[in-house]
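*Asks:* I would like to see how this sequence folds:
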Amino acid sequence: MARKSTEKLGVRGAADAPLAALRVFGDPALKQPSRPVTEFDGRLEKLAATMMEVMEREDGIGLAAPQIGVLSRVMVWSDPEDREERHVFVNPKIVALSETCSTEPEGCLSVPGVTVEVTRSDEITVIAQDLSGVERSWTLQGLRARIVQHEVDHLEGRLILDRATPEERRRVLRELRERALAEGS
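*Replies:* Numbering: from 1, shown residues only. Below you'll find the model as predicted:
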């Protein structure tokens, strides 16, 4: 399918769809790096609103634009302690990672029904722009830091399976294959 006219504005994809479809494992959009956003306008606001709708509809706490097929560096997330506190990060860049890391199970809306043990830094500093293009910096810890690292991975074309041990990856792929075969019967 042809790209929408949003491509020339620096926002690539289906931001005009009222309830965009969530892309799942196997979709090539999930493995492609996103491009920086260059235009901060109504289309970007609409993309962010659509992403928030999809995140809420899917009961997630984070979503990156590639997960709805838009290859732009945009992510949304809600604070795990206050789901009403929502954030939009445009062109996020992690500029500092703590040496202290934790390994925790992570799920992903684009790899439904499975969790994978992922090691991530306990604290990060991220620089991102808001919907107006204003750049800010945040230092995040714990689950907030994990959410942002997870979504930035999506913007780089990485999934949780790419962070898994080979054994974990084989286990999850086997589980997904078995589930697909059972659904196809």
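
*Asks:* how much space is there between the residue lying closest to Gln149 once chain neighbours are set aside and Leu155?
*Replies:* Counting by Cβ to Cβ, 6 or more residues apart in numbering, the nearest residue to Gln149 once its immediate chain neighbours are dropped is Arg120, at 4.9 Å. All C-beta atoms are positioned from the backbone trio N, CA, C, and that covers glycine. Note on Arg120: its distance to Leu155, by Cβ to Cβ, to the nearest Å, is 15 Å.

*Asks:* More neighbours: those two, which one.
*Replies:* Leu155 (24 against 20; other Cβ atoms under 10 Å).

*Asks:* right, and the more buried one touches Leu71 too?
*Replies:* No. Judged on Cβ atoms under 8 Å, Leu155 makes no contact with Leu71 at a distance of 9.1 Å.

*Asks:* Quick check: neighbours shared by these two?
*Replies:* Common neighbours of Leu155 and Leu71 (criterion: Cβ atoms under 8 Å, 6 or more residues apart in numbering): 33-34, 65.

*Asks:* So which of those residues sit within strands?
*Replies:* Secondary-structure check on the shared contacts of Leu155 and Leu71 using DSSP state E: no residue lies within strands.

*Asks:* which one of those sits closest to Arg23?
*Replies:* Proximity of the shared contacts of Leu155 and Leu71 to Arg23, judged by Cβ to Cβ, is greatest for Ala65, which lies at 10.2 Å.

*Asks:* what residues are up against the closest one?
*Replies:* By Cβ under 8 Å, 6+ apart, the neighbours of Ala65 are 13, 34, 47, 51, 71-75, 155.

*Asks:* Go again with 7 Å.
*Replies:* Under the criterion of Cβ atoms under 7 Å, 6 or more residues apart in numbering, the neighbours of Ala65 are 34, 47, 51, 72, 74.

*Asks:* Skipping adjacent residues, who's closest to Val76 in space?
*Replies:* The nearest residue in space to Val76 (Cβ to Cβ, 6+ apart) is Met51, at 4.6 Å.

*Asks:* what's near enough to touch the one you found?
*Replies:* Met51 makes contacts with 63, 65, 68, 74, 76, as judged by Cβ under 7 Å, 6+ apart.

*Asks:* would JSON lines of these with distance to Leu159 be doable?
*Replies:* JSON lines is the format used below for the contacts of Met51 (distance: Cβ to Cβ, whole Å):
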{"residue": "Leu63", "distance to Leu159": "14"}
{"residue": "Ala65", "distance to Leu159": "15"}
{"residue": "Ile68", "distance to Leu159": "15"}
{"residue": "Val74", "distance to Leu159": "18"}
{"residue": "Val76", "distance to Leu159": "18"}
